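> Pasting a predicted model and its sequence here:
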Amino acid sequence: MKVLKQFIDGEWIVSTTNETRKIINPFNQEVIAEVTEGNDTDAKKAIKAAREAFDEGEWATTSAVERGKLVRNIATLIERDKEELARLESLDTGKTVDESRDDMDGIADVFHYYADLAGKDAGEMIASPIPDTISKVVREPVGVCAQITPWNYPLLQASWKLAPALVAGNTLVMKPSEITPLTTIKVFELIEEAGIPAGVANLVLGPGRSVGAELSESKEVDLISFTGGLETGRKIMQSASINMKKIALELGGKNPNVIFADADFETAVDQALNGVYFHAGQICSAGTRLIIEESIHDEFVEALVKRVKNIKLGSGFDEDTEMGPLISAEHLEKVTEYVENGLKEGATLAVGGGKPKDPELQNGFFYLPTVLTDCSTGMDVVQNEGFGPVITVEKFSTEEEAIHLANDSIYGLSGGVWSQDIAKAERVAAKLRMGTVWINDFNIFFAQAPWGGYKQSGIGHELGVQGLEEYTETKHVYHNINPQPIHWFGMK
Ligand code: NAD
């Protein structure tokens, strides 16, 4: 099997130790690829290449319009290779090919969007209070950016970081999750084909404890953008303080989905399912905390359970499959324990719980879509992320109670409100302490709107104009066009 390589300073190279890692298909545990296993020395090499490309190369001073053209090339190449990328993503993550195709459309949109923004920000003139002076604010690239991504949406998360960093004139080193690096490797081939100069975008493969740690600690890195779990985010924040790197952290979520009795019942049930079961619930924004008005609770749960029983598990390549496996044996273990603990805490199993019995699924890391009722905010199963196909259900009787329950979390990533009373829906949305609130919808993302967490769900934003601003420094340039001595010192 050909060993897939890292991309450093415009060259495809193996790691300094020559070690490799096997990449596993979570549907059947077959080896689908072998990749070079990078380490801290490789990370140092990549950082050096990015540093030199930023400090001595022409990328940062190339016109933003020109950079935008090259970023647009990447979008076009992703569109050209969409089917290949989608199939590779499904092979690596286990999600259905339809989901991966959707991801690829969104990814191409992100590159197009930031290519559109290139050169649009011409800075700002300031009304200087001092006569005969010109005062202006300009945006400049931050420098060398380290970008670390998780395994759940490998290429989507990578695109949210790559496109704005490049358009803004930064150089970068990306480290994908060691479990799912395949589409990121492929996109670096497209980055090379698109004409991005050598050293500007570098890719290092390998584990977080060596490659990731080096990227977070290095004094040669100016910014770190991380998407992943809360505990890793904490470590990165600490390491980043070594040289006061700028940080952008997109962390976990435990997202409430509040259903009022006056919601459109059928749509709310349908979207409660969509809110959770895509990619087997391994979504930071999954609406895993259903908070239902008491008067419709039983009827809603009944309708939900009926649909959940019909969810078809299988290979992501099978047209009928609605839900694939979890990512790994270790993660399957974690989700199993998470549900068992919930049951011990007093939750009731309404459907699912455990591994499916179907013989053809026994080699995959499958977990049944699950609904737990009789839950309350004090339970770990309601507070902890879980990151699997598991919904917890709580009840409320007043609007105030619904808001209180929804906000009772260390996380503040996203949430939903379902009601046909527009004023009520807006009132509740305004009170929710989270970075994204969907009214009468769930899990909607697009390049134009910012994404980021309140509370312990993160710091900073991706997507939208805000996602580009993260990759810029703000400089005030003050110009005195009539300089005169002011005779302050040594004149008395
Ligand atoms: P993780 O934190 O285990 O790993 C994420 C990345 O960090 C991987 O590339 C990993 O190798 C690296 N890493 C691990 N230890 C490191 C260290 N000490 N220093 C530097 N890097 C290190 O997360 P995961 O399990 O891959 O992903 C799932 C998590 O990601 C969930 O918590 C999910 O909510 C979160 N997530 C958040 C968003 C968002 O937009 N907020 C999006 C997707 C996923």
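Looks like it came in fine.
> switch to C-alpha atoms for all contacts and neighbour counts from now on
Will do.
> so what's the closest residue to Val269 other than its chain neighbours up against?
Distances taken as CA to CA, 6 or more residues apart in numbering place Leu304 nearest to Val269, at 6.0 Å, with adjacent residues excluded. Neighbour list for Leu304: Val269, Asp270, Leu273 [criterion: CA atoms under 8 Å, 6 or more residues apart in numbering].
> element containing Leu304, please.
helix 294-309 (DSSP states H and E).
> returning to that earlier point: among the contacts of Leu304, which one has the most neighbours?
Leu273 (24 neighbours; other CA atoms under 10 Å).
> So that one belongs to a helix, correct?
Yes - per DSSP: H, G, I helix; E, B strand; the rest coil, Leu273 lies within a helix segment.
> per-residue confidence for it?
In this prediction, Leu273 carries a pLDDT score of 98.
> Likewise for Asp121?
89.
> returning to that earlier point: any idea how far the ligand is from the residue nearest to Val269?
24 Å (CA to the nearest ligand atom, to the nearest Å).
> tell me the pLDDT at that residue?
For Leu304, pLDDT reads 98.
> Please renumber the chain so that the first residue is 199 from this point on.
Fine by me, first position is 199 from now on; the one you just mentioned is Leu502.
> close enough to count as contact, Gly236 and Gly404?
Yes - at 4.6 Å, Gly236 and Gly404 qualify as touching, with contact defined as CA atoms under 8 Å.
> Around the ligand, pick out the residues from the stretch 199-348 of the chain.
Ile346, Thr347, Pro348 (CA under 6 Å from any ligand atom).
> Which residues are in contact with the second one?
With contacts defined as CA under 8 Å, 6+ apart, Thr347 is in contact with Gln355, Ala356, Met372, Lys373, Pro374, Ser375, Phe424, Thr425, Gly426.
> Kindly report the same for Tyr652.
Tyr609, Gly610, Leu611, Arg631, Met632, Gly633.
> Could you dump those into a markdown table with distance to the ligand and secondary structure added?
Converted to a markdown table, the contacts of Tyr652 look like this (distance: CA to the nearest ligand atom, whole Å; DSSP: H, G, I helix; E, B strand; the rest coil):
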| residue | distance to the ligand | secondary structure |
| --- | --- | --- |
| Tyr609 | 10 | strand |
| Gly610 | 10 | strand |
| Leu611 | 7 | coil |
| Arg631 | 15 | coil |
| Met632 | 11 | coil |
| Gly633 | 10 | coil |
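> quick one: buried residues of the longest helix along the chain?
Across the chain, the longest stretch assigned as helix under DSSP state H is helix 295-315. Neighbour counts over helix 295-315 (16 or more other CA atoms under 10 Å) mark 295-299, 301-315 as buried.
> Can you give the distance from whichever helix or strand comes after that helix to the centre of its chain?
Counting by DSSP H and E, the element after helix 295-315 in chain order, helix or strand, is strand 322-324. Distance, stretch centre to chain centre, for strand 322-324: 34 Å (CA atoms, centre = their mean, to the nearest Å).
> Would you check that Gly544 makes contact with Leu570?
No - the criterion here is CA under 8 Å, and Gly544 misses it with Leu570 at 9.7 Å.
> So those two - more neighbours on which side?
Leu570 (26 against 14).
> Tell me the gap between the helix or strand hosting the more buried one and the middle of its chain.
Assessed by DSSP H and E, Leu570 sits inside strand 568-571. The chain centre lies 26 Å from the centre of strand 568-571; the measure is CA atoms, centre = their mean.
> partner strands of that strand, parallel or antiparallel?
strand 546-549 (antiparallel), strand 588-594 (parallel) (DSSP bridges).
> Is there any residue in the following helix or strand past that strand that contacts the ligand?
The helix or strand immediately downstream of strand 568-571 is helix 578-581, counting by DSSP H and E. No - Helix 578-581 stays clear of the ligand (CA under 6 Å from any ligand atom), getting no nearer than 12.8 Å.
> could you measure Val385 against Lys653, distance?
For Val385, the distance to Lys653 (CA to CA, to the nearest Å) stands at 33 Å.
> again with Gly576
In this view, Gly576 and Lys653 are 18 Å apart by CA to CA.
> cool, and Asn223?
Taking CA to CA, one finds Asn223 at 35 Å from Lys653.
> need the strands for the stretch 349-498 of the chain, in chain order.
Applying DSSP state E, counting those that start in this stretch to the stretch 349-498 of the chain gives strands spanning 369-373, 399-401, 421-425, 444-448, 454-457, 487-491.
> Next, format those as a markdown table and append mean pLDDT.
Shown next, in a markdown table, are the strands of the stretch 349-498 of the chain (pLDDT from 0 to 100):
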| stretch | mean pLDDT |
| --- | --- |
| strand 369-373 | 99 |
| strand 399-401 | 99 |
| strand 421-425 | 98 |
| strand 444-448 | 98 |
| strand 454-457 | 98 |
| strand 487-491 | 98 |
